[in-house]
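S.K.: here is my input, please return the structure:
(2 chains)
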Amino acid sequence: MSEFIHAKSIKNNEVRFSDALFYNFLRLITVLIIILFASVFVFLYRSSEPLFLEQGWSFFKETTWSPTTDTYGVLAFVYGTLVSSFIALLFAVPVSMGSALFLTQLCPRFLVSPIRSIIELLAAIPSVVYGLWGIFVLAPFIKNYVQPVLSGLTPGLPFFQGPPFGLGLFTAGLILAIMIIPTITTISIEIFQAVPKLYKEGAKALGATDWEAIKIAVIKPGMAGVLAAITLGLGRAMGETMAVTMVIGNRADISSSLFSPAATMASVIANEYAEAGSNLHSASLTAVGFTLLLISMLVNFGARYIIKKFRGPI
Amino acid sequence: MKKYLLLATCVLFSTWSSAAQLINGAGATFPEPIYIKWFSELKKVDPATSINYQGIGSGGGIKQLTAGTVDFGATDIPMTTQESASLKSPVIHIPTVLGAVVVSYNLKLDKPLKLTPDVVADIFSGKITKWNDERITKINTDQILPNKNIIVATRADGSGTTAVFSDYLSKVSPDWKNKAGKTVDWFRGSIAAKGNAGVTGLIRQSDGAVGYVELVYALQNKLAFAHIQNKSGQYIEANTKSVSAAATGKVAQDMIKNDFKMSITDSDVKTAYPISSFTWILVGESLPKSKGEKIVKMLEWSLGKTGQSMAEEMHFSPLPTELQKAVLARVKKIKIQ
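M.R.: As a prediction, this is how the structure comes out:
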């Protein structure tokens, strides 16, 4: 017995040293990430400072973006980013949730992995390819079929009116939806698989129908995780640049119609940064980047708060 | 084994770097195809010199030249006084070839559309909204124009093409005064795409669309484009001849007077296409001996007979003879220290 204790204590000492090494190594990496984030934040702020000194708060309140007169306002881009991402979620969330539920609960086993790899392949397509597909396939389809039907059905509402370009907020939102579906679906699948089967069996035993059992014993306990998946998808949608730039029509404008051209924060940076003439112009583009960072942080904190509220039994 | 390998690589690299002198340039994307062609042909003539060119945009070219990270820059629009002020040593503008911006459209017409400067300006301000507007039909009496809405496509990204086109508009229309630039605030209801390819895509897909693209791009992709009325009232089709013509006669004289740093849109010349412009290589007034001789040689070859005829084959408009002589004489005067 005493021998055993002795041996253990020696081993413990050894373990403690490597533990400390490991612990400090991890700590260093975490600190590095924080430093990285802080330096991005500081860099963006410092490069946008000339604009804030020149225009002050009006940058956040104005919708006019005019490089020719050197006056800049970010609001139109904030609108474009938020609305296109919201449209993306509107389409992507039901589709992703539905396919994740189908694949984990109802799908015959031999079909699961082929369907899953097809969904994951969607994530492997480069965004420029999505953009090209958007211009040449989706945009004409929306121009010729979707907008005429929607505007015909709702003659009183402003949302679907306006000249049919095929390019605009709605098209950008649809492309984004396709791009974020794999993210939300794959994570949701993992979440639903992690919910104990026992819950569902219990619900069934109590006489629940398939849908009721899924609702009570799969969706509800997995809700927090699914919300986290949606937040990840939203983050990707807000930051997506190439595909959106190609299909959104690029006009710094807030219009009531979803089919009108707009621009997002990421798209205006991609378009104008390379050839930004005056100092104020490039400063205002970094200020747009700074705003995007602030809004992403806000969205993430908001999402974490909601997720906390939903945190279920798992 | 590894040591030998390392040694071998070192030897290889050292001989390679001493064999070829590397000259770096960066800037405008518009002339990139012809510059790359020139420099690769030049390498065949003079294997001792390697010229590397990157099309990163005119603004980027000027920034890199100012920072001293490249040996020469390239731009589609002359440097502004503000940009020149931040240079460490003076730079000269060497025009290399000419380009033009054309107004391309998607209409099924038998004959090319004709447009006057004021009509072009008003279409691109959203004031003329229908193809059968009286002001358009009045100048196109030889054919019937459809009762269709005009969809205006513009460039979303900052570009020399936009700069040249808006420079032209600012000369022909009082509404456009002081509104020219690489990025322009187009009217509400127009739509914008990235690059010449993006604008072309928009035009091709929308019935009744109109937009502006670079002539070289339009010729390569066989787009339909309008004949534009020039200052002397002629409707001119853009091609390498009518574009080069824009820099002849009095315009050439003015160019020489201004040390080649001048916009030539809305040219006075009778046979000139009015939305023509130069693209320039920017080099220091005086160059270090090691690279200077090579750069002068590169310019002389590119601006000479072989280089210029190569340009024409690729739809770039060559320098008119008169101006070519003056530019070559200026290149000779570059100080080598």
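
S.K.: tell me the strands in the chain, going along the chain?
M.R.: Using chain A. Along chain A, the segments classed as strands by DSSP state E run A:65-66, A:71-72.

S.K.: I was thinking of chain B, sorry if that wasn't clear
M.R.: B:21-27, B:49-55, B:72-75, B:91-105, B:114-115, B:151-155, B:191-193, B:209-214, B:227-229, B:235-236, B:276-284, B:286-287, B:335-336.

S.K.: residue contacts, B:Thr161?
M.R.: Remark: with contacts taken as CB atoms under 8 Å, 6 or more residues apart in numbering or on different chains, B:Thr161 is in contact with B:Phe30, B:Asp76, B:Val101, B:Arg155, B:Asn196, B:Tyr212, B:Val213, B:Glu214. Just so you know, the C-beta spots here come from the backbone N, C-alpha and C atoms, and that holds for glycine as well.

S.K.: of all those, which comes closest to chain A?
M.R.: B:Arg155 (8.8 Å; CB to the nearest CB).

S.K.: on that earlier part again, need the strands of chain A in TSV (columns: mean pLDDT).
M.R.: Formatted as TSV, the strands of chain A follow (pLDDT from 0 to 100):
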stretch	mean pLDDT
strand A:65-66	90
strand A:71-72	91
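
S.K.: okay, the contacts of B:Thr161 in a markdown table with neighbour count, distance to A:Leu150 and pLDDT next?
M.R.: Shown next, in a markdown table, are those (neighbours: other CB atoms under 10 Å in any protein chain shown; distance: CB to CB, whole Å; pLDDT from 0 to 100):
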| residue | neighbour count | distance to A:Leu150 | pLDDT |
| --- | --- | --- | --- |
| B:Phe30 | 28 | 40 | 90 |
| B:Asp76 | 26 | 42 | 92 |
| B:Val101 | 29 | 37 | 96 |
| B:Arg155 | 28 | 29 | 94 |
| B:Asn196 | 24 | 32 | 89 |
| B:Tyr212 | 27 | 32 | 96 |
| B:Val213 | 25 | 32 | 95 |
| B:Glu214 | 26 | 36 | 94 |
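
S.K.: I'd like these laid out as a markdown table, including distance to chain A.
M.R.: What follows is these, written out as a markdown table (distance: CB to the nearest CB, whole Å):
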| residue | distance to chain A |
| --- | --- |
| B:Phe30 | 12 |
| B:Asp76 | 10 |
| B:Val101 | 16 |
| B:Arg155 | 9 |
| B:Asn196 | 14 |
| B:Tyr212 | 15 |
| B:Val213 | 16 |
| B:Glu214 | 15 |
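
S.K.: and which of those is nearest to A:Tyr273?
M.R.: Nearest to A:Tyr273 out of the contacts of B:Thr161 is B:Arg155 (CB to CB; 14.7 Å).

S.K.: would you mind confirming that that closest one is in contact with B:Val199?
M.R.: Yes. Using CB atoms under 8 Å, B:Arg155 is in contact with B:Val199, at 6.0 Å.

S.K.: overlap in contacts of those two?
M.R.: Residues touching both B:Arg155 and B:Val199 by CB under 8 Å, 6+ apart: B:Ala193, B:Tyr212.

S.K.: returning to what we had before: so which of the strands of chain A is nearest A:Ile187?
M.R.: strand A:65-66 (35.6 Å).

S.K.: can you list the helices and strands that that closest one packs against?
M.R.: Under the contact definition 3 or more CB pairs under 8 Å, 6 or more residues apart in numbering or on different chains; DSSP states H and E, strand A:65-66 sits against no other helix or strand.

S.K.: which parts of stretch B:109-123 are buried?
M.R.: B:Leu109, B:Leu113, B:Lys114, B:Leu115, B:Thr116, B:Pro117, B:Asp118, B:Val119, B:Val120, B:Ala121, B:Asp122, B:Ile123 (16 or more other CB atoms under 10 Å in any protein chain shown).

S.K.: just put those residues in TSV and tack on pLDDT.
M.R.: Shown next, in TSV, are the buried residues of stretch B:109-123 (pLDDT from 0 to 100):
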residue	pLDDT
B:Leu109	93
B:Leu113	96
B:Lys114	96
B:Leu115	97
B:Thr116	97
B:Pro117	96
B:Asp118	96
B:Val119	96
B:Val120	97
B:Ala121	96
B:Asp122	96
B:Ile123	96
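
S.K.: need the contact list for the closest residue to chain B within the stretch 201-314 of chain A.
M.R.: In the stretch 201-314 of chain A, the residue that lies nearest chain B is A:Glu275 (2.9 Å; CB to the nearest CB). Going by CB under 8 Å, 6+ apart, A:Glu275 touches B:Gly57, B:Ser58, B:Gly59, B:Gly60, B:Asp157, B:Gly158, B:Ser159, B:Lys182, B:Thr183.

S.K.: so which of these also contact chain A?
M.R.: Among the contacts of A:Glu275, the residues that sit close to chain A (CB under 8 Å from any CB of the partner chain) are B:Gly57, B:Ser58, B:Gly59, B:Gly60, B:Asp157, B:Gly158, B:Ser159, B:Lys182, B:Thr183.

S.K.: how about the helices in chain A?
M.R.: A:2-55, A:58-61, A:75-101, A:109-122, A:127-133, A:139-141, A:147-153, A:169-194, A:197-205, A:210-214, A:220-239, A:242-247, A:265-272, A:279-310 (DSSP state H).

S.K.: would you single out the least confident of these?
M.R.: Among those, helix A:2-55 carries the lowest mean pLDDT, at a mean of 83.

S.K.: so is that one next to chain B?
M.R.: No. Helix A:2-55 lies apart from chain B when judged by CB under 8 Å from any CB; the minimum separation is 14.3 Å.

S.K.: elements contacting that helix?
M.R.: By 3+ CB pairs under 8 Å, 6+ apart, helix A:2-55 packs against strand A:71-72, helix A:279-310.

S.K.: now those in JSON lines, with distance to B:Lys294 and mean neighbour count?
M.R.: Shown next, in JSON lines, are the helices and strands packed on helix A:2-55 (distance: least, CB to CB, whole Å; neighbours: other CB atoms under 10 Å in any protein chain shown):
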{"stretch": "strand A:71-72", "distance to B:Lys294": "43", "mean neighbour count": "20"}
{"stretch": "helix A:279-310", "distance to B:Lys294": "33", "mean neighbour count": "17"}
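
S.K.: for these, give me a markdown table that also has distance to A:Leu206.
M.R.: What follows is these, written out as a markdown table (distance: least, CB to CB, whole Å):
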| stretch | distance to A:Leu206 |
| --- | --- |
| strand A:71-72 | 61 |
| helix A:279-310 | 23 |
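
S.K.: can you convert the ones you listed into a markdown table and add a column each for distance to chain B?
M.R.: As requested, those are exported to a markdown table (distance: least, CB to the nearest CB, whole Å):
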| stretch | distance to chain B |
| --- | --- |
| strand A:71-72 | 10 |
| helix A:279-310 | 8 |
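
S.K.: looking at chain B, what residue ends up closest to chain A?
M.R.: For chain B and chain A, the shortest gap (CB to the nearest CB) falls at B:Gly158, measuring 2.9 Å.
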